[in-house]
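*Asks:* Prediction below, plus the sequence it came from.
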Amino acid sequence: MSESPQIEAPSTLPTSTATPRKPTSPELLDRLNAVPNVLTFELRTVETDQTTLHGSLTLNDVLVEVKKSGLSDGEVFVKWADEGVSGDRMKTTGTREAMVCIKGRPEEHVVIEIKVVGLEEVQVN
């Protein structure tokens, strides 16, 4: 007669000994929430009736504007809200959403609208 195999009880996973994270300071959250809902960038296009930019708008350009709300690049980072978009540049006029995230806590973020419009060049006579 063959013996039936012994099934061991599942072992318990070791509990984490990591120190729980401190909550984000209310002051930092206030500055994050002070970021404007819409940031508009007026940039030159290759032709006045075209949407293609002469150059591009980068996430770093967005971060520069975000920092005017009292945040530093050591505290936050910016990424496009639509995950399917590759690269950090906008090369045409239009609107996209970006997320301003607290470093180390990307779940703490605000979504802002980035609007790129063509720069109206004024002719001086």
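*Replies:* Okay, I see it.
*Asks:* rest of the way, CA atoms for contacts and neighbours
*Replies:* OK.
*Asks:* Make sure I have this right: Asp30 is in a helix.
*Replies:* Yes: assessed with DSSP: H, G, I helix; E, B strand; the rest coil, Asp30 lies in a helix.
*Asks:* I'd like to know which elements the lengthiest strand in the chain is packed against.
*Replies:* In terms of residue count, the longest strand belonging to the chain (DSSP state E) is strand 105-118. In terms of contacts (3 or more Cα pairs under 8 Å, 6 or more residues apart in numbering; DSSP states H and E), strand 105-118 is packed against helix 26-33, strand 38-43, strand 94-102.
*Asks:* which intervals of this protein have sub-threshold pLDDT?
*Replies:* 1-20, 84-86, 121-125 (pLDDT under 70).
*Asks:* Report how many residues lie close to Lys79.
*Replies:* 19 (other Cα atoms under 10 Å).
*Asks:* just the one 10 residues further on next, same as before
*Replies:* By the measure other Cα under 10 Å, the count of residues near Arg89 is 15.
*Asks:* same question, Val78
*Replies:* 23.
*Asks:* could we number from 16 for the rest of this?
*Replies:* Let's use 16 as the start, then, which means that last one is Val93.
*Asks:* That one touches Met114, doesn't it?
*Replies:* Yes: with contacts counted by Cα atoms under 8 Å, Val93 reaches Met114, the gap being 5.6 Å.
*Asks:* Next, format the helices and strands packed on strand 120-133 as JSON lines and append distance to Glu135 and mean neighbour count.
*Replies:* Rendered in JSON lines, the data for the helices and strands packed on strand 120-133 read as follows (distance: least, Cα to Cα, whole Å; neighbours: other Cα atoms under 10 Å):
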{"stretch": "helix 41-48", "distance to Glu135": "31", "mean neighbour count": "14"}
{"stretch": "strand 53-58", "distance to Glu135": "8", "mean neighbour count": "15"}
{"stretch": "strand 109-117", "distance to Glu135": "15", "mean neighbour count": "18"}
